[in-house]
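>>> how does the following fold in three dimensions:
(one chain, ligands or ions: 2)
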Amino acid sequence: SVPLSFFGGIGGASRHGILVKGGQYMERLANAETVVFDKTGTLTLGIFKVSAVHPEICSRQELLEFAALAENGSNHPIAVSLRDAFGGELDLKRVQKTEEFAGRGIRAVIDGKNVYVGNSRWMEESGFAWQSCHKVGTTVHVAVDGSYAGHIVISDALKPDALEAVNHLKNMGIRRIAMLTGDNKEMGEHVASQLGIKDVYTQLLPTDKVALVEKMLAQKHGKDTLAFVGDGMNDAPVLARADIGIAMGGMGSDAAIEAADVVLMDDRPSRIADAISIARKTMWIVK
Ligand code: ADP
Ligand code: MG
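Residues are numbered from 1 along each chain as shown. Ligands and ions are numbered 1, 2, ... in the order given. Below you'll find the model as predicted:
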């Protein structure tokens, strides 16, 4: 049976906007040794703004329109930003088909033409030579009807409490803090260095994230536990695999919230340190 004090801990956490789905997660949170963060939407806002548009074979507006049409069915933060950047009314009758590929991008049929929208991996896999303007950000490439059509650079911003969140965890004695991302090396390392995270892995597919977390789980000692913090639909498998899966409750996808053991109602990563503090105090009362 679950000791009564666990309920006190769960209630205390909930008053801080931290939803803990069961008493066993209190004990695991108290023993957290490793905290692994996903980047986009977890440490960053997940709200991208277009900072450069480089068309190769069409106008700027046409490039944005192809990207926005291809992304019309996606909830990915990148898709939302591309639709916002285009700004105009989208004529969805032009779109015959769209398909999303995790960690890569979109394949669509627009005006009867094949359209590819996504990262450099996606361009390479689809046989397109891509260009880059070397601006720091997430680069979204577009190919239309067998030709490379240009790229769009979008940038995200850190959450206001991201640095505090990482520093607080370090001060509490959390031994390993890591960041995983499907985003490119430059962007991933830029974000990690701003936050003082040295353990950073970039250009990961959802399956790579699971494999890395499994490796880190094998590297810990004794009762120590690993928490993974994520927001996206693709994070559900890692959230389930970690000792403690922590999801963003506001911006997070339904799949992530469902798979998680702990949900942060206000999406603030600094709540993780609060959750661990509450859990440590609860365990102290229980014992
Ligand atoms: P993260 O690991 O940072 O949360 P994701 O795994 O969701 O990021 O995506 C990884 C990368 O895959 C993105 O940075 C982007 O380059 C590409 N990507 C994923 N989904 C899309 C999409 N709908 N449109 C364009 N690019 C995408
Ligand atoms: Mg994400």
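>>> which SS class is the residue of the stretch 51-200 of the chain found nearest ligand 1?
Residue nearest to ligand 1 within the stretch 51-200 of the chain: G182 (2.5 Å; C-beta to the nearest ligand atom). Quick note: C-beta positions are derived from backbone N, CA and C, even for glycine. Following DSSP: H, G, I helix; E, B strand; the rest coil, the label given to G182 is coil.
>>> do the same with A85
A85 - assigned by three-state DSSP - is helix.
>>> cool, and V53?
strand.
>>> ok, K223 next?
Under three-state DSSP, K223 comes out as coil.
>>> near ligand 2, which residues of the stretch 101-250 of the chain show up?
For the stretch 101-250 of the chain, the residues in contact with ligand 2 (C-beta under 5 Å from the ion) are G232.
>>> picking that back up, list the contacts for the residue of the stretch 51-200 of the chain closest to ligand 1?
With contact set as C-beta atoms under 8 Å, 6 or more residues apart in numbering, G182 has these partners: 40, 103, 203-206, 209, 234.
>>> what about A273, neighbour count?
A273: 21 surrounding residues under other C-beta atoms under 10 Å.
>>> how much space is there between it and D161?
10 Å (C-beta to C-beta, to the nearest Å).
>>> before we move on, back to that, and the gap between the residue of the stretch 51-200 of the chain closest to ligand 1 and D266?
According to C-beta to C-beta, G182 stands 25 Å off from D266.
>>> same thing with G245?
Here G245 is placed at a distance of 18 Å from D266 (C-beta to C-beta).
>>> the two: who's more crowded?
Set G245 next to D266 and count neighbours by other C-beta under 10 Å: G245 wins out with 27 against 13.
>>> the nearest residue to K135 once chain neighbours are set aside: which element?
Closest residue in space to K135, ignoring its immediate chain neighbours: V153 at 4.8 Å, by C-beta to C-beta, 6 or more residues apart in numbering. Assigned by DSSP states H and E, V153 falls within strand 147-155.
>>> who does that strand touch, helix- and strand-wise?
strand 49-55, helix 60-70, helix 77-86, strand 138-144 (3 or more C-beta pairs under 8 Å, 6 or more residues apart in numbering; DSSP states H and E).
>>> for the closest residue to ligand 2 within the stretch 1-150 of the chain, give me its contacts.
Of all residues in the stretch 1-150 of the chain, the one sitting closest to ligand 2 is T40 (4.1 Å; C-beta to the ion). With contact set as C-beta under 8 Å, 6+ apart, T40 has these partners: 46, 77, 156, 181-183, 231-232.
>>> with S270 instead?
S270 touches 161, 164-165, 168, counting by C-beta under 8 Å, 6+ apart.
>>> same thing but at 6 Å, please
Contacts for S270 (C-beta atoms under 6 Å, 6 or more residues apart in numbering) come out as 161, 164-165.
>>> can you check L264 too?
248-249, 271.
>>> likewise for K97?
Applying C-beta under 6 Å, 6+ apart, we find K97 in contact with V109.
>>> if it is in a bridge, with which residues?
Going by DSSP bridges, K97 is paired in beta bridges with V109.
>>> so how far is R107 from it?
8 Å.
>>> before we move on, what about D38?
24 Å.
>>> for F7, report the pLDDT, please.
Per-residue confidence (pLDDT) for F7: 64.
>>> picking up where we left off before, so which of the contacts of L264 sit within strands?
Judged by DSSP state E, these include M248 as members of strands.
>>> when you check ligand 1, which of the contacts of L264 turn up near it?
Subset of these in contact with ligand 1: empty, counting by C-beta under 6 Å from any ligand atom.
>>> among the contacts of L264, who's most crowded?
Going by other C-beta under 10 Å, M248 tops the contacts of L264 with 28 neighbours.
>>> return the set of residues that bridge with that residue.
With DSSP bridges as the criterion, the beta-bridge partners of M248 are L264.
>>> ligand 1 contacts on this protein?
Near ligand 1, when you scan the chain using C-beta under 6 Å from any ligand atom, you find 38-40, 71, 74, 76, 78-79, 100, 103-106, 117-119, 138, 140, 181-183, 232, 234.
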